[in-house]
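Novice: Following is a predicted model, sequence given first.
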There are 2 protein chains.
Amino acid sequence: MNGEILAIGDELTSGRIINSTSYFAASHLFAAGHKVTAMATVGDDPKRIGGALVKAIGRADFVVVTGGLGSTTDDITSEAVSEALGLPQTLYPELLELIKDCEAFAKMPAMEKMAWLPSGAEVLKPGAKMAGFMLVYAKKPIFFLPGVPQQMRELMLDRVIPRLATWQENSFSLVRQKVFKVFGLEEAIINDRLASLEEEGDRIRIGYYPMGAEVHVSLTVRGETAKEADGLFGEKAEKIVSALADVIYGEDDETMASVTGGLLGQKGYSLACAESCTGGLMSHMVTGVAGSSAYFRGGVVAYANGVKEDVLGVAEQTLLEHGAVSEETARQMAQGVRAITGADLGVSITGIAGPGGGTEKKPVGTVCFALASAEMVQGCTFKFGGNRAMVQGRAATMGLDLLRRYLLILPH
Amino acid sequence: MNGEILAIGDELTSGRIINSTSYFAASHLFAAGHKVTAMATVGDDPKRIGGALVKAIGRADFVVVTGGLGSTTDDITSEAVSEALGLPQTLYPELLELIKDCEAFAKMPAMEKMAWLPSGAEVLKPGAKMAGFMLVYAKKPIFFLPGVPQQMRELMLDRVIPRLATWQENSFSLVRQKVFKVFGLEEAIINDRLASLEEEGDRIRIGYYPMGAEVHVSLTVRGETAKEADGLFGEKAEKIVSALADVIYGEDDETMASVTGGLLGQKGYSLACAESCTGGLMSHMVTGVAGSSAYFRGGVVAYANGVKEDVLGVAEQTLLEHGAVSEETARQMAQGVRAITGADLGVSITGIAGPGGGTEKKPVGTVCFALASAEMVQGCTFKFGGNRAMVQGRAATMGLDLLRRYLLILPH
């Protein structure tokens, strides 16, 4: 189906905030096989909202609208829609219940307006305060989602995409989809490796999504029958995995941390992290996975060289001779964090995140890693591009990826 | 002046890339006192480009168009504009010279099309390959910029903003703007406290932006003269600061970590962090600030209780009697990380991020904090809502905020 996305908010038209919600919406819709024909952004202005909405409904098969559903004075989407489409504001008692239960409501009775929706609206997520809603207008589905990225993404995945799938009466197109997670290869090269798999027309769509330090590759396949869709999907998926075998680490909801953590749990090894320039990010990524306490002992952020010495046992001589950013120091950090935490495996990161601190021999972005086990310790060096936050993010992901590759070849 | 922004590119409508160019354009235009009345995005489709452009020209005082100026087959902006506005494609010899001088041209003769612009176009940056161009159509300035963020930003700042300034015969509206950073108060209550400051019309606009664990409040004021704008701004800003004095931690580009780090540097105290449920996030936030090595020693992520005992010196008896998530344990963690790193101040966090691990006495979201100095150690407990990532984010920010408030009352 052809759809349009309408984002509402002065924070967008004044350039305060980058429009991540439209981006999320577009990528999810694309991955589900739809075509986004236009994206618009308007400020918190009832006339402009109404005008843009009516135009979009006229042009497209469906519309996704984000923003302006909250309780503050600049949240006016519900009223603007009522005005523009001639659907009177209606009280939804179940929403009012939820809002009244909320702690903030006692001090903030204005929140009550969140329980008033255009007549005929269907609450998208009953039970949630920021539930979103859907209207059918001119026989077309119009979705109204909160502008807060996390809430908006959940509703897109849990409600909007499935609802659009059932909206198409002829399920003549059956869609199979998977996202492959890739780390360590530039998007242009990934694109080059998969170029021969792409096709004209709508049967196959391959999407490339740079996500921080990684690239996510989505495969969407349409068939006339389930059998055709399955067959085509199996064939293409196999070719993608084969072309990217050296750099694919997971699929769909898997993350670098969840895959690596899964391997630690499965093979029965515990982990500790020793970090300098990444400041705790790698440890934090590990603990972002529920259940990580089963394999994660903890870590040390040895930001000052004195802490590398006193807590991790890095030799003063090593720091003097090779410097804090060296494979020698990284190896001792990895061994040290193993020793003090009692972990089976130690992974360390020490580098120069920038913007300052670089030299000709060790420019900004130079990062050394090491992995230590009971039997061995090994180090390596990489050079990352980007600003401070990008170097930190890429290095933390690389640390986990080195551990992942090591675990893959380890016996139980 | 009222302007519209039109971004062109399939990579945007397929959700491949987040639209950072429209964001940059909007923020620069806003800062220069203009109002962005609509933002649109269309794919690489001549008809849609032409249609959107003509509509925008009809509605606004000026238009900024980005994307589609390159040399590949999907770069069609110049031709689409010629078609839509009836301005024949014209060869610009000076552009052709530049392109022919280029190394890539030998392998890529299709680059020549970049020297053909709609008749009447003025090259924005003579001497540059990606020069952008400007048309005057219906007596309105229409700017066409490359989609590459860096190039587009330069042209916005160097060419578009100054050109628009000279375009306005009456420079009647002057804008003052500031963003106040708030942590620890719900958006609805902030809105309530500021409700009396809001006004009808365009003179004053207050925006509320939830950003992770925080709320950012923006104040935008317009005046007919610089004096009026300054006066109104000063008056409103003072009232906002007064209404939110207990929860504003910074302004504009400041972050919780940069403000807290600034206080550490200014007052001459060094810091170490002891974390459990936040997994290193608070340390990572501290190190996200360039120059943090001046005051940050490092930290310990004591995820397993054994590490709390062995590395931080938490007493086994304390863990047995009070549990890992207790003010008693938090206090010993803060004292312990001070001791082993030699830092002046230790801040600790231990809690239950969820989804598992909660009990009736200590439900998910219960987090204990402590701050230790040479003279004292003090703990406290908070309860955070949200999922695992939100509890971690809010707790890490709270840890820094507790330190910030303590530093504010400390002498040098």
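Specialist: Received the coordinates, thanks.

Novice: and the next element down the chain from the lowest-mean-pLDDT helix or strand in chain A?
Specialist: Of all helical and strand segments in chain A, the minimum by mean pLDDT, DSSP states H and E falls on strand A:204-211, at a mean of 76. Helices and strands here follow DSSP states H and E; after strand A:204-211, the next one along the chain is strand A:214-223.

Novice: and that next one, which strands flank it?
Specialist: strand A:174-183 (antiparallel), strand A:204-211 (antiparallel) (DSSP bridges).

Novice: I figured A:A229 was touching A:V221, is that so?
Specialist: Yes - the pair A:A229 / A:V221 is scored as a contact, 5.9 Å apart, by Cβ atoms under 8 Å. Every residue, glycine included, has its C-beta placed from N, CA and C.

Novice: which residues do these two both contact?
Specialist: A:V175, A:R176 (Cβ atoms under 8 Å, 6 or more residues apart in numbering or on different chains).

Novice: So for these two, which sits in the more crowded spot?
Specialist: Counted by other Cβ atoms under 10 Å in any protein chain shown, A:A229 and A:V221 do not tie: A:V221 has more neighbours, with 26 against 18.

Novice: For the closest residue to the more buried one other than its chain neighbours, list the residues it contacts.
Specialist: What sits nearest to A:V221 in space, not counting adjacent residues and going by Cβ to Cβ, 6 or more residues apart in numbering or on different chains, is A:F233, at 4.3 Å. Contacts for A:F233 were tallied using Cβ under 8 Å, 6+ apart; they are A:R176, A:K178, A:L219, A:V221, A:G223.

Novice: repeat that with 10 Å
Specialist: By Cβ atoms under 10 Å, 6 or more residues apart in numbering or on different chains, the residues touching A:F233 are A:L174, A:V175, A:R176, A:Q177, A:K178, A:I204, A:L219, A:T220, A:V221, A:R222, A:G223.

Novice: same question, A:L407
Specialist: A:V259, A:T260, A:G262, A:L263, A:L264, A:Q266, A:K267, A:Y269, A:L271, A:L345, A:L371.

Novice: can you list the weak-confidence ranges in chain A?
Specialist: A:168-174, A:200-202, A:210, A:412 (pLDDT under 70).

Novice: ranges for the strands of the stretch 51-200 of chain A?
Specialist: Taking DSSP state E, counting those that start in this stretch to define them, one finds strands in the stretch 51-200 of chain A at A:62-66, A:89-91, A:116-118, A:122-123, A:133-137, A:140-145, A:174-183.

Novice: which of the ones you listed sits most buried?
Specialist: Of these, the one with the most neighbours on average (mean count of other Cβ atoms under 10 Å in any protein chain shown) is strand A:62-66, at a mean of 27.

Novice: Give me the three-state assignment for the residue of chain A positioned farthest from its centre.
Specialist: The centre of chain A is farthest from one residue, A:Q317, which by Cα atoms, centre = their mean lies 42.4 Å away. Under DSSP: H, G, I helix; E, B strand; the rest coil, the three-state class of A:Q317 is helix.

Novice: picking up where we left off before, between the strands paired with strand A:214-223, which one is closest to A:R331.
Specialist: A:R331 sits nearest to strand A:174-183 of all these, at 23.3 Å, using Cβ to Cβ.

Novice: one step back: closest to A:P363 out of the contacts of A:F233?
Specialist: A:L219 (37.6 Å).

Novice: ok, the closest residue in space to the closest one that isn't next to it in sequence to chain B distance?
Specialist: For A:L219, ignoring the flanking residues on the chain, the nearest one in space by Cβ to Cβ, 6+ apart is A:K178 at 5.4 Å. The gap separating A:K178 from chain B is 17 Å, by Cβ to the nearest Cβ, to the nearest Å.

Novice: Spit out the contact partners of A:K178.
Specialist: So A:K178 contacts A:31, A:217-221, A:233, A:236-237, A:240-241, A:251-252 (Cβ under 10 Å, 6+ apart).

Novice: distance between the ends of stretch A:368-378?
Specialist: Stretch A:368-378 has its terminal residues 11 Å apart, counting by Cα to Cα, to the nearest Å.

Novice: can you give me how far that stretch is from the chain middle?
Specialist: 30 Å (Cα atoms, centre = their mean, to the nearest Å).

Novice: Stretch A:112-123 too?
Specialist: Distance, centroid of stretch A:112-123 to centroid of chain: 30 Å (Cα atoms, centre = their mean).

Novice: Over to stretch A:21-37?
Specialist: For stretch A:21-37, the distance to the chain centre is 15 Å (Cα atoms, centre = their mean).

Novice: anything in that stretch near chain B?
Specialist: Yes - interface with chain B: stretch A:21-37 contributes A:21-31, A:34-37 (Cβ under 10 Å from any Cβ of the partner chain).

Novice: now do stretch A:387-402
Specialist: Yes - contact of stretch A:387-402 with chain B (Cβ under 10 Å from any Cβ) involves A:N387, A:R388, A:A389, A:Q392, A:A396.

Novice: so the residue nearest to the first one when sequence neighbours are not counted, which of the three states?
Specialist: In this structure, A:N387 finds its nearest non-sequential neighbour in A:G354, 6.7 Å apart by Cβ to Cβ, 6+ apart. Using three-state DSSP, the structure places A:G354 in coil.

Novice: So in terms of bridging, what pairs with the residue nearest the centre of chain A?
Specialist: Nearest to the geometric centre of chain A sits A:M211, at 6.8 Å (Cα atoms, centre = their mean). Counting by DSSP bridges, A:M211 is bridged to A:E214.

Novice: Would you map out the domains in chain A?
Specialist: A:2-167, A:174-251, A:256-408 (automatic domain parsing).

Novice: which of the ones you listed sits most buried?
Specialist: Mean neighbour counts for the domains of chain A (mean count of other Cβ under 10 Å) peak at domain A:256-408, with a mean of 22.

Novice: Between which two of the residues of stretch A:21-37 next to chain B is the distance greatest?
Specialist: A:T21 and A:K35 (18.7 Å).

Novice: And the contacts of A:F233, which is closest to chain B?
Specialist: Nearest to chain B among the contacts of A:F233 is A:T220, at 10.8 Å by Cβ to the nearest Cβ.

Novice: Adding distance to B:G50, write the contacts of A:F233 out as a markdown table.
Specialist: What follows is those, written out as a markdown table (distance: Cβ to Cβ, whole Å):
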| residue | distance to B:G50 |
| --- | --- |
| A:L174 | 36 |
| A:V175 | 32 |
| A:R176 | 36 |
| A:Q177 | 33 |
| A:K178 | 37 |
| A:I204 | 30 |
| A:L219 | 33 |
| A:T220 | 29 |
| A:V221 | 33 |
| A:R222 | 30 |
| A:G223 | 35 |
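
Novice: Name the nearest of these relative to A:R193.
Specialist: Closest to A:R193, out of all of those and judged by Cβ to Cβ, is A:L219, at 13.5 Å.

Novice: Tell me if I'm right that that closest one and A:L197 touch.
Specialist: Yes - using Cβ atoms under 10 Å, A:L219 is in contact with A:L197, at 8.7 Å.

Novice: Pull up the overlap in contacts between these two.
Specialist: Common neighbours of A:L219 and A:L197 (Cβ under 10 Å, 6+ apart) are A:I204, A:I206, A:K236, A:K239, A:I240.

Novice: measure A:A343 to chain B for me?
Specialist: In terms of Cβ to the nearest Cβ, A:A343 sits 9 Å off from chain B.

Novice: Check A:G70 too.
Specialist: 7 Å.

Novice: What backbone torsions are found at that residue?
Specialist: Main-chain torsions, A:G70, degrees, to the nearest 10: phi -80, psi -160.

Novice: so what's it up against?
Specialist: A:76-77, A:111, A:113-114, A:129-130, A:146-148, B:187-188, B:191, B:208, B:210.
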